[in-house]
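[1] I need the structure of the sequence given here:
(2 chains)
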Amino acid sequence: MTLLSVRNLSLSIGDTDILHDVDVDVAPGQITAITGESGSGKSLTALSVMDLLPRGSQVQGQILFGGDDLLAMDEAQMCALRGNDIAMIFQEPLTALNPVKSVGDQVAETILIHTDESRRQAKARARDVMNRVGLDGISLDRFPHELSGGQRQRVCIAMAIALRPKLLIADEPTTALDVTTQATILDLLKGLVREFDMGLLMITHDLAVVADFADSIAVMQMGRVVEAGPTGDVLQNQTHPYTRALLAASTHQVDLPDAPSPDPLLVVDGVTRTYRRPRVGLAAPGVVRAVDDVSFTLARGERLGLVGESGCGKSTLTRAILGLDTVQAGDITLGGKSVFADGLAVRRRMQVVFQDPYGSFNPRHRVDRLITEPFHVLDRPPKGAARAQVIARALTDVGLDPEDAGKFIHEFSGGQRQRLAIARALIVEPDLIVFDEAVSALDVSVRAQVLDLIADLCRKRPLSYLFISHDLSVVRTVTDRVLVMRAGQIVEQGPTEDVFQNPTHPYTQELLAAAPVLPDYATAGGPT
Amino acid sequence: MLIYTLRRLASLTVSLIVASFVIFAVIEVIPGDPASFMLGVNARPDTLAALRAELGLDQSLPVRYFAWVSGMLTGDFGISYTYKTPVAGMVADRIWVSLPLAIYALILSTAIAFPAGIYAASRRGGVGDTAVMGATQLGVAIPNFWFAMILVLIFAINLRWFSAGGFAGWDKGLFAGLWSLTLPAIALALPQAAILARVMRSSLLDMLGEDFMRTARAKGLTRRQALWRHAVRNAMIPVLTILGLQFSFLLAGGIVIEQVFFLPGLGRLIFQSISARDLIVVESVVMLLVFLVIVVNFLVDLTYAWVDPRLRRRT
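    Numbering: from 1, shown residues only, chains lettered A, B, ... in the order given. Presented below is the predicted three-dimensional model:
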């Protein structure tokens, strides 16, 4: 007996066809996952069920919920259903809550609109629900900005499950969260599904999350469900080539050259960076130690990883290494020169690639101008034919065409933009490239290609990498050695494989245990 | 919240002190002697000396500054040179016209702009939106004195509902006073309402695209409920900024409207004092306006914190 049954769902927005004959089922007490890359239509499938599609959407097919066709219902009927029988949580807990209302009011609101309960009763019930989702210590009067990301997502879950809906839709509910937080949220959702006998439709791009979470799975590509069935079957049989490609890409291993002999390039020595907390009352303001006596060495030609959860001090340390921020104690040298004292002389020898391939380029400049921006740090930048040659080489090295130099940034896809960001870093032939979450925003298949490129480049050119990421599987494949950072300190370091196989620090163990992994049968490369 | 309020109060005090320095300094930087400036080029030396003594110009700068400030604190604004009456009394008469007029206009403009802005935002791209936006375009473009003259023509001369000008006085009763301020208040309010409605609309439209609006709809709120319960309060933040600025304008900038309607307000007083080179009046009235504007901004700051909990510091 199914709770939700989507049949032949087709959707077009304006003149663009988005979904084609999508079929998805969710049974009570079961978890169905829709997975696929960005633009595959998984979120819009979820929004179709809620009837919260963007303007100008045209839907065809059937969405049967407990036997009734949701597409035949009018807006008033849908309003009565939403939040009551069907609830939804979203990806960004930061923006999904109204910043000017207390969390208690927001949870109680769900109860108030669907029941005749008084404010006081609704508040009491909100308290119970908040306790159920693990927010026992959190007052109803707190505001969203006073809570952590994980706590906010718990508030969103509390809002959604307050009236024990029959169906919960979760759109990438843990994508914006740290791995340890992700693990606890997934546990919570699973517990709620069992306890309430609720159906859960989970949208996620992360196959590793799906593997030990969902009962059944639908793989979507370009608006179509290409493969669906019980999770174990789909992951094991991988009937459709796209499923195979997706799984291969998410466990993609790059081929790194051998680790070099130790010849220090970047030396971080006893670096401490503190921030003053805002003054409260008349007491002396407190101090946050964002980076606390951190020391490490990166050898010439080495690929070094830096992992840690949000707020651990990764970004502060990165800014210090790039010479963008001062430190209170310690020194950072690159090839024997201080990044603070020697300014430009050091800066031209290291470059950085950031996370967001959309925000880090000026949309009004052409590619040749964009990727030659680092020429500012050179005393005598190449001109004329020499400049064209350098541009052509950088573009060719990152797998693009020299002809692309005349194009604008909007003509490129996300993966291509990240290639351009790498070309921009290569153009001054630096010794060190810092990758700051450089592949985190990319789809798995694109990420695999970019990782290959990164591995390939260090064979072609004398490059060293500092690879900063929260994604353990990526760091594992692309680095020789890894540093684990927590609360401003490096708690563990060592050769990457050793650390991943035998983590010694409890925090590293916790981190690795929390990270979802694909089962072995799914990573063996498909059916044999 | 208490800390926040104390901080804003401290900032208010500092602003007032700085403003008093600036206003006082302006009198000093006027080339030559304020007394000879006030009397003009043909003044007799003994009149000049008398005025200098009356203004206290024979004393040192700090003494004069403190005398001026402490005078104002006790309600003594000095004696007007042209009218030979205490400035405090003149200002008191005028402020009971200008302040109610400004508040009246502000209430009218808010009462028109909020519903118009919300209505337009909720019907984005529709006929209602286009009509409201067209009207605000006109409202922004047309100068308020022209509106004022049209209002006089229609409601005072043709329909004879209002008198064409003058102020009835509060001693004739609250209603009579408000009645005579109605046309000027409308003339002042309409262009302000047009600006405010546009800000309200665009601010609301920004909010409608926010994630928490989608969350609200997913809870089961109708489009209208989500708009009222979640978008309006968030949209108020930029609107409040504009409101604060508009009040300052309405208070001191009503001068043209006061001329059109022959209202004895502060704007006219300043205008006449400047024409008559009555620096004592100018100095005091400007200080008073600065005080009112700073107080209004203080209130706006407090309202910000009330609307947006992120501004309240946890203690």
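[2] can you pull the pLDDT of residue A:203?
    Per-residue confidence (pLDDT) for residue A:203: 93.
[3] please report how far it lies from residue A:263.
    48 Å (CB to CB, to the nearest Å). Heads up, the C-betas are built off the backbone N, CA and C, glycines and all.
[4] residue A:259 is in contact with residue A:480, isn't it?
    Yes. Counting by CB atoms under 8 Å, residue A:259 touches residue A:480, with 4.1 Å between them.
[5] what about the two, which has more around it?
    Set side by side, residue A:259 and residue A:480 give different neighbour counts by other CB atoms under 10 Å in any protein chain shown, the larger being at residue A:480 (19 against 15).
[6] which residues touch that one?
    Listed by CB atoms under 8 Å, 6 or more residues apart in numbering or on different chains, the contact partners of residue A:480 are A:256, A:259, A:302, A:303, A:304, A:495, A:496.
[7] okay, those in a markdown table with distance to chain B next?
    What follows is the contacts of residue A:480, written out as a markdown table (distance: CB to the nearest CB, whole Å):
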| residue | distance to chain B |
| --- | --- |
| A:256 | 40 |
| A:259 | 44 |
| A:302 | 41 |
| A:303 | 37 |
| A:304 | 36 |
| A:495 | 42 |
| A:496 | 37 |
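[8] whichever of these end up buried, select them in PyMOL.
    Command for PyMOL, covering only those of the contacts of residue A:480 found buried under the criterion 16 or more other CB atoms under 10 Å in any protein chain shown:
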select buried, chain A and resi 256+302+303+304+496
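[9] how about the residues of chain A by chain B?
    Counting by CB under 8 Å from any CB of the partner chain, chain A comes close to chain B at A:50, A:52, A:75-76, A:79-84, A:87-88, A:90, A:92, A:95-102, A:109-110, A:113-114, A:143, A:145-146, A:156, A:159-160, A:278, A:280-281.
[10] take those and keep only those in strands.
    Judged by DSSP state E, the subset of the residues of chain A next to chain B located in strands is A:87, A:88.
[11] filter the residues of chain A next to chain B down to the buried ones and express that as a ChimeraX selection.
    Typed into ChimeraX, the line below selects the buried ones among the residues of chain A next to chain B, using 16+ other CB under 10 Å:
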select /A:50,79,81,82,83,84,87,88,90,92,95,96,97,98,99,100,101,102,109,110,113,114,143,146,156,159,160
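[12] those helices in chain B, which residues are they?
    B:2-29, B:34-39, B:45-55, B:61-73, B:87-122, B:127-141, B:144-151, B:174-208, B:211-218, B:223-226, B:232-252, B:255-260, B:266-275, B:279-307 (DSSP state H).
[13] which one of those lies closest to chain A?
    Among those, the nearest to chain A by CB to the nearest CB is helix B:211-218 (3.9 Å).
[14] tell me which of the contacts of residue A:480 is nearest to residue B:162?
    residue A:304 (80.5 Å; CB to CB).
[15] quick one: distance of the helix or strand hosting the closest one to the chain centre.
    Residue A:304 belongs to strand A:303-307 when assigned by DSSP states H and E. On the basis of CA atoms, centre = their mean, to the nearest Å, strand A:303-307 sits 18 Å off its chain's mean C-alpha point.
[16] same for it, what does it pack against?
    helix A:314-321, strand A:464-469, helix A:472-478, strand A:481-486 (3 or more CB pairs under 8 Å, 6 or more residues apart in numbering or on different chains; DSSP states H and E).
[17] repeat that for 6 Å
    Under the contact criterion of 3 or more CB pairs under 6 Å, 6 or more residues apart in numbering or on different chains; DSSP states H and E, strand A:303-307 touches strand A:464-469, strand A:481-486.
[18] out of those strands, which is closest to residue A:419?
    strand A:464-469 (15.8 Å).
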